[in-house]
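J.: sharing a sequence plus its predicted fold:
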Amino acid sequence: STPPVKVAVTGAAGQIGYSLLFRLASGALLGPDTPIQLRLLEITPALKSLEGVVMELDDCAFPTLDSVEIGDDPNHIFDGVNLALLVGARPRTKGMERGDLLSANGAIFTGQGKALNDHAADDVRIGVTGNPANTNALIAMTNAPDIPQERFSALTRLDHNRAISQLAAKTGSKVSDITKMTIWGNHSATQYPDIFHAEIGGKNAAEVVGDQSWIENDFIPTVAKRGAAIIEARGASSAASAASATIDAARTWLTGTPEGDWASMAVRSDGSYGVPEGLIYSFPVTTSNGDWEIVQGLEIDDFSRAKMDATAQELVEERDAVTELGLI
Ligand code: NAX
């Protein structure tokens, strides 16, 4: 049978964790034939609550769940992990400035980057969901000099899935007919969801929509501000959809994009499309055997260029801020 895969989840007692763990344990990542060993990291005060979650995992009697370990020491929890899903982060609380948020999260992601560097398996892949996701991934990557930089990514798959869903609703098509969706840039309100290269049943999506004003004034802001709309409606931030996207992103990374399609992933820029090298920026990527490649040669018009540059600029500012704080 297939050897077990060790998957670390941080922030495991949080609301995304509550959705994510059960899907991982039930085989949503690698199917029914690959046993999963969960390694769950939390801060000390949340360990008791995490014990309750583990009781529930036990009670599901998932055949694919091989073992569960919990703890508050990243050096122990990350030992030998093949996949690390960094979900736990310090949320922005009242009165907190952006700099405070960056330094609180900086402390988390420098420490976790070092622990991954020293203890993860040689084939580790690291996906960052916790916000500010792109810059947290940059911090972890920079603090893990022995791990190849292409093993780090930040989550923009939720934005990607939101964009597909909005486009399907607008055009009366099925989500499964939509391919080549792209989210460019930061997982923030400056992100640029791009349908100019997307296809619906093989036809160019922007042409099928045929309405530039919908794209500019409806589609892009709806996708970019969807997180706030969920908070407004639900009284809590998106959790199940974020967990689902975290699994989609990891599955795509490990098992590959289908022929003729791509996915959005925030990865280290190599300068493609004029994006400053070294930023963790969301690009269209194809994946196979656990490696990704940025899709090359897409034509970028002036409208797209301006949006891609604006979100790059925000990431440059975040990088400058964490450089000043001495985090990278
Ligand atoms: P919760 O506040 O419910 O859970 C976060 C958990 O992380 C808490 O249990 C906390 O104890 C734990 N934690 C804090 N510091 C830790 C550390 N140093 N080590 C281990 N665990 C630690 O937040 P939740 O709703 O689950 O969201 C988690 C993160 O995902 C947040 O940063 C949130 O902003 C981010 N999101 C990212 C999304 C994306 O698409 N990239 C979308 C959803 C979500 O907003």
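T.: Sure thing, it's come through. Numbers count the residues shown, from 1 in each chain.
J.: can you count the residues close to G290?
T.: Using other C-beta atoms under 10 Å, G290 has 15 neighbouring residues. C-beta coordinates here come from the backbone N, C-alpha and C atoms, glycine included.
J.: was I right to think it contacts W253?
T.: Yes. G290 is within contact range of W253, at 6.5 Å (criterion: C-beta atoms under 8 Å).
J.: so for those two, which residues contact both of them?
T.: Common contacts of G290 and W253 (C-beta atoms under 8 Å, 6 or more residues apart in numbering): R125.
J.: buried sites along stretch 51-58?
T.: V53, V54, L57 (16 or more other C-beta atoms under 10 Å).
J.: show me which residues of the chain are close to the ligand?
T.: Proximity of the chain to the ligand, by C-beta under 6 Å from any ligand atom, involves residues 10-11, 13-17, 41-43, 46, 87-91, 108, 129-131, 133, 155, 158, 187, 227, 237-239, 242.
J.: out of those residues, name the ones that lie in strands.
T.: Among the residues of the chain next to the ligand, DSSP state E puts T10, L41 in strands.
J.: W262 versus the closest residue to L155 other than its chain neighbours, what's the distance?
T.: With sequence-adjacent residues excluded and distances taken as C-beta to C-beta, 6 or more residues apart in numbering, L155 is closest to T129, at 4.6 Å. Distance of T129 to W262, given as C-beta to C-beta, to the nearest Å: 20 Å.
J.: who's more crowded, those two?
T.: Each of T129 and W262 has its neighbours counted (other C-beta under 10 Å); T129 has more, 28 against 25.
J.: where does I126 land in three-state SS?
T.: Secondary structure, DSSP: H, G, I helix; E, B strand; the rest coil: I126 is strand.
J.: out of the buried residues of stretch 51-58, flag the one nearest to the ligand.
T.: If you rank these by distance to the ligand using C-beta to the nearest ligand atom, V53 comes first, at 10.1 Å.
J.: excluding chain neighbours, what is closest to that closest one?
T.: A13 (6.1 Å).
J.: now that neighbour: phi and psi?
T.: Phi and psi for A13, reported as degrees, to the nearest 10, are phi -90, psi 0.
J.: quick one, what contacts it?
T.: Contact criterion C-beta under 8 Å, 6+ apart gives L40, E42, A46, L47, S49, L50, V53 as the residues in contact with A13.
J.: likewise for N161?
T.: Taking C-beta under 8 Å, 6+ apart as the contact definition, N161 lies against S241, S244, A245, D248.
J.: which members of the residues you listed are classed as buried?
T.: The buried subset of the contacts of N161 - by 16+ other C-beta under 10 Å - is S241, S244, A245, D248.
J.: pLDDT, distance to T34 and secondary structure for those - can I get that in CSV?
T.: Compiled in CSV, the buried ones among the contacts of N161 are given as follows (pLDDT from 0 to 100; distance: C-beta to C-beta, whole Å; DSSP: H, G, I helix; E, B strand; the rest coil):
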residue, pLDDT, distance to T34, secondary structure
S241, 98, 24, helix
S244, 98, 19, helix
A245, 98, 20, helix
D248, 98, 17, helix
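J.: quick one: which two of those residues are the most distant?
T.: Farthest-apart pair in those is S241 and D248; separation 10.2 Å (C-beta to C-beta).
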